[in-house]
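# The following block contains a protein sequence and its predicted model.
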Amino acid sequence: MKTIRRTLLAAALSTLLSTLSHVAHAAGMRDETVQVPLRAGLFAVNLTARIYTPPGDGPFPLVVINHGKSPGNAAFQNDESFYGQSLEFVRRGYAVIVPTREGFGTSGGRYVSDNCNVADAARHWANSVEAAIGYARTLPYVDSTHIVVIGQSQGGITTIALGERNLPGVLGIVNIAGGMRDDKCTGWQESLVRDYREFGSRSTVPAIFLYGDNDSYWGNGELSRRFFDAYREGNPNTQYVDEGVAADGNSHMIFHHYAGERIWLPPVGRFFESLGLNWRIRYADPHQGKTVAIDNIDIVPYRDVNPGIGAGMEHFLHADPRAGRAIAIAPNGHNGFATGKDAQTKAMNFCTEVNGIGCRLYAIDDQLVDSAMPSPQGDAALKKTATVAAPGQ
């Protein structure tokens with residue numbers, strides 16, 4: 001009964017989300033939440049997915065980004081937006097779909113555990129990804145003959161499992177810190193190596209593996225090298241990228257962090273080019289305020305005092321505006337950036353804590369609030385916005 005109630009609840013929630021789905025056009029950029037149908041056993045469920053595209057009608061080649069799994073109940077895990085990561089592909093002319101797999105977050109269905117059999121579980125998880133690709137193929141602005149699938153952590157092993165299906169149009173797969181570890185399973189390391197060997201023996205799709213040397217799941221790189229070597233036995237068109245030691249102590253999360261872009265973007269870009277795909281930036285300004293381009297770094301004030309303000313603004317632009325984001329700037333060159341609930345208050349507090357004097361909110365969510373130039377009109381607009389805006393919603 002609990003399973004049936006949960007399925008019905010998920011179906012009702014999916015219907016509600018479908019009704020509430022909207023497209024946020026920023027300089028013509030599509031940012032849309034959709035419901036992807038998936039047949040799961042006797043039930044048909046809907047998966048939540050986020051879609052981004054550049055301005056225009058396309059058709060655009062497609063990038064699929066697959067999320068990992070946090071500890072605990074998958075149903076309570078927040079949907080991943082991968083907003084900043086997706087922007088890097090949108091800027092280069094790609095449509096991006098980020099599916100929330102079955103049993104996770106706001107998607108319907110039931111999460112299937114690995115139960116010490118990662119290969120079979122990953123094949124089940126890959127059904128959600130194939131459903132998302134199938135949905136994307138129906139969209140007129142998607143070029144379904146040029147697809148690259150990316151996954152991190154559990155999403156990485158899911159992507160590898162999808163690769164053995166050799167789907168039409170899938171030109172390459174990117175495995176970032178991929179795998180599934182369960183310390184309760186005896187010999188899980190050797191089992192994963194065997195799984196990678198089996199997947200590689202069935203795949204003909206070019207692949208790239210990216211792992212670091214201080215991964216909280218895979219260690220110093222020796223085990224991940226074994227994953228790669230086993231996979232490459234069957235699929236020699238595979239390459240390995242050593243991401244090195246992450247400064248924050250955990251290379252497993254490099255794909256998630258803004259600072260990690262300088263590590264994973266270059267090799268991924270070279271991989272795309274090796275597939276004959278574009279990696280040149282075609283859309284420099286996918287963000288737009290109502291009157292002024294919000295991502296015009298050149299107009300951000302006080303950069304002459306502290307060029308680091310520009311870097312702070314770039315960090316702001318890579319955060320998901322739907323989740324809440326804000327940046328405050330002070331005339332003495334300091335700034336504060338925050339995301340999530342109460343982002344505006346947090347940004348102002350951070351700006352003050354780093355010795356900012358006269359901190360002012362510069363941008364909130366997808367709006368350029370104030371140029372931080374001293375003018376009475378600017379002061380009034382800032383005061384009005386700061387009191388009526390709803391941060392983090």
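It's in. Quick caveat: nothing in here was measured; it's all calculated off a predicted structure. Numbering: from 1, shown residues only.
# hey, let's count contacts and neighbours off CA atoms from now on
OK.
# moving C-terminal of the one helix or strand G336 maps to, what's the next helix or strand?
Under the criterion of DSSP states H and E, G336 resides in strand 335-339. Proceeding N to C from strand 335-339, the next assigned helix or strand is helix 343-353, under DSSP H and E.
# if we can go back for a sec, elements contacting the strand holding G336?
helix 308-317, strand 325-329, helix 343-353 (3 or more Cα pairs under 8 Å, 6 or more residues apart in numbering; DSSP states H and E).
# This protein: helices as residue ranges?
In the chain, the helices defined using DSSP state H lie at 2-20, 83-90, 118-137, 154-163, 188-202, 222-234, 261-274, 308-317, 343-353, 376-388.
# Make CSV from these and add mean pLDDT and distance to V300 to it.
Listed next are the helices of the chain as CSV, based on pLDDT from 0 to 100; distance: least, Cα to Cα, whole Å:
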stretch, mean pLDDT, distance to V300
helix 2-20, 37, 34
helix 83-90, 94, 20
helix 118-137, 97, 37
helix 154-163, 98, 37
helix 188-202, 97, 48
helix 222-234, 98, 42
helix 261-274, 97, 22
helix 308-317, 86, 7
helix 343-353, 93, 15
helix 376-388, 32, 15
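# now those helices as a markdown table including mean neighbour count and distance to S251?
What follows is the helices of the chain, written out as a markdown table (neighbours: other Cα atoms under 10 Å; distance: least, Cα to Cα, whole Å):
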| stretch | mean neighbour count | distance to S251 |
| --- | --- | --- |
| helix 2-20 | 15 | 34 |
| helix 83-90 | 22 | 16 |
| helix 118-137 | 21 | 22 |
| helix 154-163 | 28 | 14 |
| helix 188-202 | 20 | 19 |
| helix 222-234 | 20 | 12 |
| helix 261-274 | 15 | 10 |
| helix 308-317 | 19 | 19 |
| helix 343-353 | 21 | 27 |
| helix 376-388 | 13 | 37 |
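# would TSV of those with distance to T106 be doable?
Shown next, in TSV, are the helices of the chain (distance: least, Cα to Cα, whole Å):
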stretch	distance to T106
helix 2-20	7
helix 83-90	17
helix 118-137	14
helix 154-163	17
helix 188-202	29
helix 222-234	32
helix 261-274	27
helix 308-317	25
helix 343-353	23
helix 376-388	29
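# Of all the ones you listed, which one is nearest M253?
helix 261-274 (11.0 Å; Cα to Cα).
# was I right about D31 contacting Y52?
Yes. Assessed by Cα atoms under 8 Å, D31 is found in contact with Y52 at 4.7 Å.
# The two: which has the busier surroundings?
The residue with more neighbours, out of D31 and Y52, is Y52; 25 against 19, by other Cα atoms under 10 Å.
# and that one, how far is that from R110?
26 Å (Cα to Cα, to the nearest Å).
# Could you do P321 as well?
The value you get for P321 to R110, if Cα to Cα is used, is 29 Å.
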